[in-house]
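>>> Can you look at this prediction? I've put the sequence above it.
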Amino acid sequence: MGKFLKFLLHCILAISGGVALYFTAPNYNLWFLAFPSLMIFCYLATKTRLLQVIWGSFLWSFSYLFLLFSWAKTAAQTEIAQVALSVVESIFYVLLGVLIWGIWNFFSYQKRRAIYLNSLLFALSCGLAWAVMEQLRSLVPFGGMPWGNLAFNLTDSPLLNLAPYGSTQLINITAVSIAALLYIGVTAWKHLQVFTGISLLVTALVAFSTTIFVTASTDLGATRKVLIVQGNVPASHEYESQTERARMVTEKHVAATLTALPAAVDLILWPESASDLDIRTNPDIFALLQPVLEQEIPLLLGTQSYSENSRTNDYVVVTKDGVVDSYSKQHPVPFGEYLPWRELITKIVPEAAKISIDMLPGQEKAVLSVPQNGDNAENLSLATPICFEVAYDDIVASAAQEAQLLVVPTNNVTFGDSGEPWQQFAMTKLRAKEHGISAIQVSTTGVSGVVNPDGVVTATSSLFTADTQIVQVPLKVKNTFATDTYQHRKLLSYCVAVVLILLAVMGGSAHRKQSKIR
């Protein structure tokens, strides 16, 4: 009975830790819960038995991800999608738990006289291991799934100030290292190492406090007045065909735009899927845009290009002369925009057959060149990662290196009233701060909003309403350190991973030898 009770308490603690981290995500934004949640993960990863580490890490991560990915059930109309995605992503946290377990054993068997230094090194190793795990999770499988990255849950915390210097990696390293110091500091009292415990707790407090005062200068140039249009989307049951519904979506955006005009603006932004019927091959749909294009203001909108058995998800620049520039989404969402293992998946989840035409990835950077009025006016350079692409460090950073303004077009209608739109907007907020750039998220159904280069939200829309906003945004003229070094950090993470794995292997070996002696 005693063993069963311990096991039960272990499971409850792990689940509680995962649930706590979920409440740090939008719409709850209780970011301070990240620290007790991460402390619990450190506890689970430093248990004596490796099986306990594996089971505890899985329960912790599955509890967090299952709640966070509630939108997957809404979009796929089956709970299988939510469970499957949560299980696959939890594997990465289990690997992380095993890695930390090995590192813990490595430092535990070092000389006792260096316990404070070893504790600092262990805490830093935990932070580095977490950042490496997130890097791996954003690469595999099927190009990765960085949704749920710890850093995205901390955009309301002082740790956001670190974004211009190291993006999500530095935020994760700092947050997890602080939590690990708190964990060791608290448990040191149990072993009567009072002075060491106090020293570690003070170190953690100082490290966190320092982030409050971190600043980054943002050099900004001229401003542009932008019209953001959230036209909303009619319910699918109101129309007999998807073609008719798609046309109505475009008409709604035209109507909302004309209501806001003729205000003097430099740019009009429509969302992803504002015209799912390709305006380049459908003259009737292009004709719908004419009242807007007659204003002689560049219009950006999401459309799609179809071939016989595939399609691309495009964001295009349209003037009275037609489409003058376009970007095709580089990272289509597996099981959402294309279907791997189609024959097998459709047998398990018949709803997946709705993805009848696979989306192909684009090959160019997420950058669009927008002509400006005036004979001598230079084109405006925009970074335009589409929808989920805002979660990928590399996609956004490579575009931000060349861009003056960040625009995130998205279509969130399939996610209902879940937390997905707000979770995505938190990513847009982080990218604005990371790259010192004005960021605009424009959605069919919300959330549409604006974030200034300091990471401060200046405007948001409500969900499932038609909304227009005219905003004045400054343009970026200088890259941040994070923007310029994104490739170097990626390479460095691979080197760090090798070192951490070596430490973990040596720690695991030392643990086995010690177990045999006992």
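Yep, it's here.

>>> Quickly find the element holding Met427.
Using DSSP states H and E, Met427 maps to helix 420-435.

>>> Go ahead and confirm Thr428 touches Val390.
Yes. Look at Thr428 against Val390 with Cβ atoms under 8 Å: they come within range, at 5.8 Å. All C-beta spots, glycine's among them, are computed from the backbone N, C-alpha and C.

>>> what residues are shared contacts of those two?
Val408, Gln441 (Cβ atoms under 8 Å, 6 or more residues apart in numbering).

>>> For stretch 140-159, the averaged confidence score.
Averaged across stretch 140-159, the pLDDT comes to 96.

>>> Pull out the buried residues from it.
Buried residues in stretch 140-159, defined by neighbour count with 16 or more other Cβ atoms under 10 Å: 144-159.

>>> buried residues in the one helix or strand Thr223 maps to?
According to DSSP H and E, Thr223 maps onto strand 220-230. By 16+ other Cβ under 10 Å, the buried positions in strand 220-230 come out as Leu220, Arg224, Val226, Leu227, Ile228, Val229, Gln230.

>>> can you tell me which of the residues you listed lies nearest to Leu65?
Sorting these by distance to Leu65 puts Gln230 at the head of the list, at 28.9 Å, by Cβ to Cβ.

>>> check contacts around the closest one.
Contacts of Gln230 by Cβ under 8 Å, 6+ apart are 256, 271, 442-446, 448, 461, 465-468.

>>> Out of the residues you listed, list just those in helices.
The helices, defined by DSSP state H, take in Ala256 from these.

>>> tell me the centre residue of this protein?
Nearest to the mean C-alpha position of the chain, counting by Cα atoms, centre = their mean, stands Ala391 at 3.2 Å.

>>> what does the helix or strand hosting Ser61 rub up against?
In this assignment (DSSP H and E), Ser61 forms part of helix 50-68. Helix 50-68 is contacted by residues 10-11, 13-15, 17-19, 21-22, 25, 37, 40-41, 44-47, 82-83, 85-87, 89-90, 92-94, 96-98, 101, 147-148, 419, 423 when judged by Cβ under 8 Å, 6+ apart.

>>> Chain neighbours aside, what residue packs nearest to Ala260?
Thr468 (4.2 Å; Cβ to Cβ, 6 or more residues apart in numbering).

>>> What is the burial count for that neighbour?
Applying other Cβ atoms under 10 Å, we find 19 residues neighbouring Thr468.

>>> what sits against it?
So Thr468 contacts Leu227, Ile228, Val229, Gln230, Ala256, Thr257, Thr259, Ala260 (Cβ under 8 Å, 6+ apart).

>>> Next, count neighbours for Asp417.
Neighbours of Asp417 under the rule other Cβ under 10 Å: 12.

>>> hang on, it in a helix?
No. Going by DSSP: H, G, I helix; E, B strand; the rest coil, the assignment for Asp417 is coil, not a helix.

>>> That one against Val447, yeah?
No. The criterion here is Cβ under 8 Å, and Asp417 misses it with Val447 at 11.4 Å.

>>> Quick check: neighbours shared by these two?
By Cβ under 8 Å, 6+ apart, Asp417 and Val447 have these common neighbours: Leu463.

>>> picking up where we left off before, who does the helix holding Met427 touch, helix- and strand-wise?
helix 163-190, helix 393-400, strand 405-410, strand 439-443, strand 449-451, helix 481-484 (3 or more Cβ pairs under 8 Å, 6 or more residues apart in numbering; DSSP states H and E).

>>> filter the contacts of helix 50-68 to the buried ones?
Buried among the contacts of helix 50-68 (16+ other Cβ under 10 Å): 10, 14-15, 17-19, 21-22, 25, 37, 40-41, 44-47, 82-83, 85-86, 89-90, 92-94, 96-98, 101, 147-148, 419, 423.

>>> before we move on, back to that, present the contacts of Gln230 as JSON lines; the columns should include distance to Glu343 and pLDDT.
Listed next are the contacts of Gln230 as JSON lines, based on distance: Cβ to Cβ, whole Å; pLDDT from 0 to 100:
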{"residue": "Ala256", "distance to Glu343": "42", "pLDDT": "96"}
{"residue": "Pro271", "distance to Glu343": "33", "pLDDT": "98"}
{"residue": "Val442", "distance to Glu343": "37", "pLDDT": "98"}
{"residue": "Ser443", "distance to Glu343": "34", "pLDDT": "98"}
{"residue": "Thr444", "distance to Glu343": "32", "pLDDT": "97"}
{"residue": "Thr445", "distance to Glu343": "33", "pLDDT": "96"}
{"residue": "Gly446", "distance to Glu343": "36", "pLDDT": "90"}
{"residue": "Ser448", "distance to Glu343": "38", "pLDDT": "98"}
{"residue": "Ser461", "distance to Glu343": "41", "pLDDT": "96"}
{"residue": "Thr465", "distance to Glu343": "41", "pLDDT": "95"}
{"residue": "Ala466", "distance to Glu343": "41", "pLDDT": "95"}
{"residue": "Asp467", "distance to Glu343": "42", "pLDDT": "96"}
{"residue": "Thr468", "distance to Glu343": "45", "pLDDT": "97"}
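
>>> Top of the contacts of Gln230 by number of neighbours, please.
Neighbour counts for the contacts of Gln230 (other Cβ under 10 Å) peak at Pro271, which has 32 neighbours.

>>> For the helix or strand of the chain at the bottom of the mean pLDDT ranking, which helices and strands make contact with it?
None of the helices or strands of the chain scores lower by mean pLDDT, DSSP states H and E than helix 342-348, at a mean of 75. Here helix 342-348 touches no other helix or strand, going by 3+ Cβ pairs under 8 Å, 6+ apart.

>>> If anything else comes up later, I'll come back, but that's it for now.
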